[in-house]
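*Asks:* Just a sequence and a predicted model for now, questions to come.
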Amino acid sequence: MKSDNANNANQKYAMPDEKGHFGVYGGKFVAETLMVPLEELQQAYDNYMQDPAFQKELDFELQQYVGRPSPLYYAERWSEQIGGAKIYLKREDLNHTGAHKVNNTVGQALLAKRMGKTRIIAETGAGQHGVASATVAARLGLECVVYMGAEDIQRQAMNVYRMKLLGATVVPVTSGSQTLKDALNEAMRDWVTNIDNTFYIIGTVAGPHPYPAMVRDFQAILGRESRQQILQHEGRLPDALVACIGGGSNAIGLFYPFIDDTEVQMVGVEAAGDGIETGRHAAALCAGDPGVLHGNRTYLIEDKNGQIIPTHSISAGLDYPGVGPEHAWLKDIGRAEYVSVTDTEALQGFHDLTRIEGILPALESSHAVAYTAKLAASMSKEQIIIMNLSGRGDKDIHTVATHEGIEL
Amino acid sequence: MSRIKQRFEQRLAAGKKVLIPYITAGDPKPETTVPLMHAMVEAGADIIELGVPFSDPMAEGPVIQKAMERALESGTSLTDVLDRVAEFRQTDMETPVVVMGYLNPIEVMGYREFADKATAAGVDGVLTVDIPPEEAEDYISAFKNKDLDPIFLVAPTTNDERMKLISSAGGGFVYYVSVKGVTGAGHLNTDEVSDKVEQIKSFTDLPVGVGFGIKDGDSARRVANVADAVVVGSAIVQRIEANASDSGKITLAVCELIKELRTAID
């Protein structure tokens, strides 16, 4: 399949604006030291996205190294058991390194190399983005440092070891709540200190402009493939798209090429943790308020004084108090809807997909699984859902076992 | 005339430089802050920079991060910080106070409400780390017609074009971040600082203060030779941390450093 990584030229939807704003969201809320480096990044990005040689290299890497295109798989048995809409799974779990994250790290690492940077840094929650960054760093011979919350290091020991095997340095972050948001703070502090030789690969569609747009553009390949594949399989567009949302990169990757197709419903699934009413959740769009964090304005889980509140989700990758600014915008204009499912529901989804289809979903993706089951049940058999199976669940086996009182 | 402007004019006219120590409000306890502010003035501080604690202080090194965590644990909100300033103003109408922090608490309060409350409390300048002039249109306009200066940062990476922008958007003084990095880190290169201060001055009549990486009398003296003001944060906060259990010792330790800095720059 020939991919077209440049911005979708025919799209009417044209966000963000020049300053990186999605309506009131997005922007560049960073310390002065980063302003010029962000301008340089923007220029390099604009330049290379128009450069056929860069595009060719990126396409090659995505095809030969990542293994794209990933299949769009009809989950027939699961669809039949639910008895509603036909469910297709976009199999990002089959990518090299086991999740959608690598689409973006390949793109940013190639950009880093073109910009002459010799060192890359990354933040990680579940470890998937850290692994994907360490992987491309190994592939391109770049130094790699990954910041990871001390609590997440406990939950994701296997991915920590994978990163070390790949030659990365994993730095435990012990400040704040010791999770993904604190890892991002620490990565920003590293970047500001080592700006001359370092490229910061942000793993999601958050951060200051141009990151939300750049990460979206690198992830949009999965949505473009899905669009083409569903047309091949079914001869028409789907009725709904479903994806889980932490920062929102796998969701925006799926949604973006469909934004102008207003008949296609788009649903982002956030982590309700123990339940939104308990306050122990990570559902920024469903239960948060607008604010400014990590370089952009977006929905945040914050208290009445503007302090960020610790979040909770069984899935480390969704355990983040903010969300990409484009999702905030899509929520406000009503183009996408955002729902949430609890830890318990996600675990049920994890087991269902594993037993019924023989596919072990990541706990992040299991949130999308749980909501897809509900949505499909409310739809007719002629209708079609594409769900982004954003990552595989091998990394979560310990978490699931521990949660269920099983010692491995 | 604003208190900040007046203070710079007085000191510079007397051939002296301006000393700006930083503490985080509410660190380690809410009741520590105001007495410490008065004691610092007594020991030779010209302007007080008062930190508003934030849960995610991205530009701070470990020392000020921990100070902000202590202040949050002691229950300090933006409203509390403004209350501390009002309390300080009951007996000190002369010393300018600059509040330093991150945008989100101000954003959640609302720019206009913040500007009204800060002015009423007696705040003179506001330094918000994560709002560059490009994003600051509404923020600056909320400060208009009030004696409240928006203070912006200039960094080693700032180019001429941005210096122009920052000079036209900002008030009070220009705060030059002397090293690439977080607060309390890095090695100070006085020659580089000197060049940069000169460059800033070619774009603005505002005085230039220099902060980040000034730890003691010696580094303060070297910076004072090339800048109008010297900002010292982590070195002071470290003394608060080391004596956190005893407010009497905090005052002694902090004032000892301020006297050393004062002597060094005069």
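*Replies:* Good, I have the coordinates.
*Asks:* switch to C-alpha atoms for all contacts and neighbour counts from now on
*Replies:* Fine.
*Asks:* which residues does A:Val339 contact?
*Replies:* A:Val339 makes contact with A:267-270, A:286, according to CA atoms under 8 Å, 6 or more residues apart in numbering or on different chains.
*Asks:* What of A:Ala283?
*Replies:* A:Ala283 touches A:270-272, A:276, A:301, A:321, A:340, counting by CA under 8 Å, 6+ apart.
*Asks:* A:Gly207 now?
*Replies:* A:294-296, A:324.
*Asks:* what does chain B have sitting close to chain A?
*Replies:* B:54-61, B:69, B:77-78, B:103-109, B:129-132, B:135, B:153-159, B:180-182 (CA under 8 Å from any CA of the partner chain).
*Asks:* Quick check on those: which are buried?
*Replies:* Neighbour counting with 16 or more other CA atoms under 10 Å in any protein chain shown marks B:54-61, B:69, B:77-78, B:103-109, B:129-132, B:153-158, B:180-182 as buried within those.
*Asks:* Can you report phi and psi for B:Ile20?
*Replies:* Reported as degrees, to the nearest 10, the phi and psi values for B:Ile20 are phi -120, psi 100.
*Asks:* thought it was touching B:Ala43?
*Replies:* No: at 11.8 Å, B:Ile20 and B:Ala43 do not qualify as touching, with contact defined as CA atoms under 8 Å.
*Asks:* which one of the two has more residues nearby?
*Replies:* Neighbour count, other CA atoms under 10 Å in any protein chain shown: between B:Ile20 and B:Ala43, B:Ile20 has more, with 26 against 19.
*Asks:* Spatially nearest residue to whichever residue of the stretch 251-400 of chain A sits closest to chain B (excluding sequence neighbours)?
*Replies:* Distances between the stretch 251-400 of chain A and chain B by CA to the nearest CA are smallest at A:Gly306, namely 4.2 Å. Spatial nearest neighbour of A:Gly306, chain neighbours left out: B:Pro105 (4.2 Å); criterion: CA to CA, 6 or more residues apart in numbering or on different chains.
*Asks:* Tell me how far that neighbour lies from A:Pro325.
*Replies:* 19 Å (CA to CA, to the nearest Å).
*Asks:* can you check A:Ile195 too?
*Replies:* Counting by CA to CA, the gap from A:Ile195 to A:Pro325 is 25 Å.
*Asks:* neighbour count winner among these two?
*Replies:* Higher neighbour count among A:Ile195 and A:Pro325: A:Pro325, with 31 against 20, using other CA under 10 Å.
*Asks:* can you pull the pLDDT of the more buried one?
*Replies:* Note on A:Pro325: pLDDT of 98.
*Asks:* show me what contacts it?
*Replies:* A:22, A:25-26, A:205-206, A:212, A:296-299.
*Asks:* Quick check: phi and psi at A:Thr311.
*Replies:* Torsion angles, degrees, to the nearest 10, at A:Thr311: phi -100, psi 170.
*Asks:* list the contacts for the residue in the stretch 151-266 of chain B positioned nearest to chain A?
*Replies:* For the stretch 151-266 of chain B, the nearest residue to chain A under the criterion CA to the nearest CA is B:Gly181, separated by 3.8 Å. Counting by CA under 8 Å, 6+ apart, B:Gly181 touches A:189-190, A:192-194, B:59.
*Asks:* what's the answer for A:Asn185, then?
*Replies:* Per CA under 8 Å, 6+ apart, neighbours of A:Asn185: A:294, B:56-58.
*Asks:* can you tell me which strand in chain A is longest?
*Replies:* The single longest strand within chain A, with elements called by DSSP state E, is strand A:265-273.
*Asks:* Spell out whether whichever helix or strand comes after that one and chain B are in contact.
*Replies:* Counting by DSSP states H and E, the next helix or strand C-terminal to strand A:265-273 is helix A:284-287. No: Helix A:284-287 is not in contact with chain B by CA under 8 Å from any CA; minimum separation 15.1 Å.
*Asks:* Run through the residues of the stretch 101-250 of chain A sitting next to chain B.
*Replies:* A:176, A:182, A:185-186, A:188-190, A:192-195.
*Asks:* May I ask which two of the residues you listed are separated the most?
*Replies:* Greatest spatial distance in these: A:Gly176 and A:Ile195, 23.9 Å, computed using CA to CA.
*Asks:* element containing B:Val126?
*Replies:* strand B:125-128.
*Asks:* buried ones in the following helix or strand past that strand?
*Replies:* Once strand B:125-128 ends, the next helix or strand along the chain (criterion: DSSP H and E) is helix B:137-143. For helix B:137-143, the neighbour count (16+ other CA under 10 Å) marks B:139-140, B:142-143 as buried.
*Asks:* Equivalent analysis for stretch A:186-196, please.
*Replies:* Of all the residues in stretch A:186-196, those buried under the rule 16+ other CA under 10 Å are A:186-193, A:195.
*Asks:* quick one: the strands in chain B?
*Replies:* Assigned by DSSP E, chain B shows strands spanning B:18-24, B:48-51, B:97-101, B:125-128, B:149-151, B:153-154, B:174-177, B:208-211, B:229-232.
*Asks:* Centre-most residue in chain A?
*Replies:* Central residue of chain A (CA atoms, centre = their mean): A:Ser249, 3.0 Å from the mean position.
*Asks:* check contacts around it.
*Replies:* A:203-205, A:215-216, A:219, A:324.
*Asks:* again, but for A:Gly107
*Replies:* A:58, A:218.
*Asks:* can you count the residues close to residue 264?
*Replies:* Unless you meant another one, I'm taking chain A. A:Val264: 19 surrounding residues under other CA under 10 Å.
*Asks:* my bad, chain B
*Replies:* 16.
*Asks:* Do I have it right that it meets B:Arg222?
*Replies:* No: contact criterion CA under 8 Å: B:Ala264 and B:Arg222 do not qualify, at 9.0 Å.
*Asks:* what are the ranges of the strands in the stretch 1-150 of chain A?
*Replies:* Assigned by DSSP state E, counting those that start in this stretch, the stretch 1-150 of chain A shows strands spanning A:21-22, A:25-29, A:72-74, A:86-91, A:119-124, A:143-149.
*Asks:* Quick one: closest of these to A:Ala243.
*Replies:* Ranking the strands of the stretch 1-150 of chain A by proximity to A:Ala243 (CA to CA) places strand A:86-91 first, at 9.9 Å.
*Asks:* What score does the closest residue to chain B within the stretch 1-150 of chain A have for pLDDT?
*Replies:* At 4.3 Å from chain B, A:Val30 is the closest residue in the stretch 1-150 of chain A, using CA to the nearest CA. Note on A:Val30: pLDDT of 97.
*Asks:* and it, what does it touch?
*Replies:* A:Val30 makes contact with A:208, A:294-295, B:129-132, according to CA under 8 Å, 6+ apart.
*Asks:* of those residues, closest to A:Gly349?
*Replies:* For the contacts of A:Val30, the nearest to A:Gly349 is A:His294 (31.4 Å; CA to CA).
*Asks:* how long is stretch A:195-207 from one end to the other?
*Replies:* From its first residue to its last, stretch A:195-207 covers 16 Å (CA to CA).
*Asks:* Helices of chain B, residue ranges please.
*Replies:* Ranges of helices in chain B, per DSSP state H, are B:3-13, B:33-43, B:62-73, B:78-89, B:103-109, B:111-121, B:137-143, B:160-169, B:190-201, B:217-224, B:234-242, B:247-265.
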